[in-house]
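>>> fold the following, please.
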Amino acid sequence: MTVSLLPVRFDLRRRTPRKHRAADEVNRLRGFLAGAHQLINGLQLQLDEADARHADTATKQAEAELLVVQQQADIDELTAERDHWRDDALALRARFSIQLAAEANAAAVTVPCGYRDTSAIEDQATGPIDVRPLWEARDAGLL
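Residues are numbered from 1 along each chain as shown. Below you'll find the predicted structure:
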């Protein structure tokens, strides 16, 4: 049996990577480590920004809740004041209703019944309008 070396070709211009050297593996792992450090730093910055936004949101929410409490206190105070004024108005209306009615009757405006002069031709009443031709046209499907 003869072995031919012709099918096996070697390219001397291209070097195969040196997988067996530990220094090459260390350099490769250091590259991964540098990328991991950059990723961690970026994630830490995002986390810090999110924490700052959360703190800002919490501050704004606390201010809004305080404002709501103050507004509710104002509403309660104004409601009590409104009820007091309403009760006073009802009491005054009951006290002076007779006097107000007498003044209204004394100052009443009376107007005689209306009368329209229809002697002019343009003011005279018209007769009823015959709409039978319209109904007939509708029934015939012309409208």
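
>>> secondary structure element holding the residue nearest the centre of the chain?
With the centre of the chain defined as its mean C-alpha position, the nearest residue by Cα atoms, centre = their mean is residue 64, 17.7 Å away. Residue 64 is part of helix 22-106 when elements are defined by DSSP states H and E.

>>> tell me the helix or strand right after that helix.
From helix 22-106, the next helix or strand downstream (DSSP H and E) is helix 132-139.

>>> just the pLDDT for residue 2.
Residue 2 is assigned a pLDDT of 57 by the prediction.

>>> could you list which residues are in contact with residue 71?
Taking Cβ atoms under 8 Å, 6 or more residues apart in numbering, we find residue 71 in contact with no residue. C-beta here means a position set from N, CA and C on the backbone, and glycine is covered the same way.

>>> quick one: it from residue 77, how far?
Relative to residue 77, residue 71 is positioned 11 Å away (criterion: Cβ to Cβ, to the nearest Å).

>>> how about residue 64?
Shown here: residue 64 relative to residue 77, a distance of 20 Å by Cβ to Cβ.

>>> any stretches of this structure with poor pLDDT?
1-20 (pLDDT under 70).

>>> let's go with 50 and repeat that
In the prediction, the chain carries no residues with pLDDT under 50.

>>> starting at the chain centroid, how far to the helix holding residue 64?
Once both centres are worked out by Cα atoms, centre = their mean, to the nearest Å, helix 22-106 turns out to sit 16 Å from its chain's centre.
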